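S.K.: Need a 3D model of the sequence below.
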Amino acid sequence: MRIPLIRGLKELYLRREILLNLVMRDLEVKYKGSLIGIFWSLLNPVMMLLIYTVVFRYVIGMNVRNFPIFFMCGFLPWIFLSNSVTMAAPSVVNNPNLVRKVYMPRAIIPLSAMVACLVEFLMTLVILLLALPFFGHAPGPKAFLLPLIVILQAVFVGGLALLFSASTVHFRDVKHLLDILLIVWFWLTPIVYPLSKVKSLDLPWSPLNRWVAGLINYNPMSVFISGYRSVLLDDPITFSATIPMMLIYAFGAALIGWVVFVRSSARFAEVV
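M.R.: Numbering: from 1, shown residues only. Modelled structure (predicted):
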């Protein structure tokens, strides 16, 4: 039966305790038996920071002021997206008992994976905020927009979580395709290089310059990361253009993900 959008959202709200319980379960399972628990989520960003700083700052010679902070302002939001869709994609398939035996909105299953990753992201973001003054980037007046950017990215990532989890139920190759997609998407996102570098592309075939530049400039994560860097590093971007793009990407992904998930969820119990 087709569930209207408003009714489905209301049901998600009413069953929010189940969502919170699944989030706590995911975090407990992930860090069970660990001495420092959730703080292991900091290890990956720190190791990647060291590797990329050495390679791009000292080997390649990328001339970016305060490269470590510049990198982390892009890498942390990326890790949130990457971990969320990677965990959410197989979440319905991996929880057949919840699908068949527990009465609840099935969207809670992939969304709980996303929220668990959001908790980890918020922790790393707080640490980044505390580190900024030591690198000469004390948050300015635009910092009040940071919660808005985090919320919009969470809505965007939630839409992707719903989309990929529903797709994986019916097409198990999606999780393998997702691994390749995330690699390509990472390099088409200005995480280790500034967006200004796109203007100086010099690829062997000149039409590729326009195509690749277009993919980078209109990449949703490019928009979100530009927003984070503008708020945290006071990069000069125009919020009058960036905020509307964030809204379009966030609610566009959420709507598409919701519609695909709801329309396909009726057959989940048969497939999983």
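S.K.: Low-confidence stretches in the stretch 1-150 of the chain?
M.R.: The stretch 1-150 of the chain contains residues with pLDDT under 70 at 1-6, 8, 31-41, 61, 102.
S.K.: just checking, what packs against the helix or strand containing residue 146?
M.R.: For residue 146, the element it lies in under DSSP states H and E is helix 146-170. Here helix 146-170 touches helix 67-88, helix 108-131, helix 174-187, helix 220-233, helix 239-265, helix 268-271, going by 3 or more Cβ pairs under 8 Å, 6 or more residues apart in numbering; DSSP states H and E. (Glycine included, C-beta is placed from N, CA and C.)
S.K.: From the chain's centroid, how far away is stretch 213-220?
M.R.: Distance of stretch 213-220 from its chain centroid, counting by Cα atoms, centre = their mean, to the nearest Å, is 16 Å.
S.K.: In it, which residues are buried?
M.R.: 213, 216, 219, 220 (16 or more other Cβ atoms under 10 Å).
S.K.: what's in contact with that stretch?
M.R.: With contacts defined as Cβ atoms under 8 Å, 6 or more residues apart in numbering, stretch 213-220 is touched by 156, 185, 188, 189, 190, 195, 198, 199, 201, 222, 249, 253.
S.K.: got the CA positions of it in CSV?
M.R.: Taking Å, rounded to 0.1, in the frame of the first residue of the first chain, the C-alpha atoms of stretch 213-220 are listed here in CSV:
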residue,chain,number,x,y,z
ALA,A,213,34.8,21.1,-14.2
GLY,A,214,31.0,20.9,-14.4
LEU,A,215,30.9,17.6,-12.5
ILE,A,216,33.1,19.2,-9.7
ASN,A,217,31.3,22.5,-9.6
TYR,A,218,27.7,21.0,-9.5
ASN,A,219,28.7,18.1,-7.3
PRO,A,220,26.4,18.3,-4.2
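S.K.: quick one: average confidence on that stretch?
M.R.: The pLDDT scores in stretch 213-220 average 87.
S.K.: can you tell me how far residue 181 sits from residue 113?
M.R.: Using Cβ to Cβ, to the nearest Å, residue 181 is found at 17 Å from residue 113.
S.K.: Among these two, which residue is more densely surrounded?
M.R.: residue 113 (27 against 13; other Cβ atoms under 10 Å).
S.K.: got a list of what that one touches?
M.R.: If you count contacts by Cβ under 8 Å, 6+ apart, residue 113 has them with 26, 84, 87, 88, 91, 161.
S.K.: Distance-wise, check it relative to residue 95.
M.R.: As for residue 113, its distance to residue 95 is 10 Å (criterion: Cβ to Cβ).
S.K.: What of residue 127?
M.R.: 31 Å.
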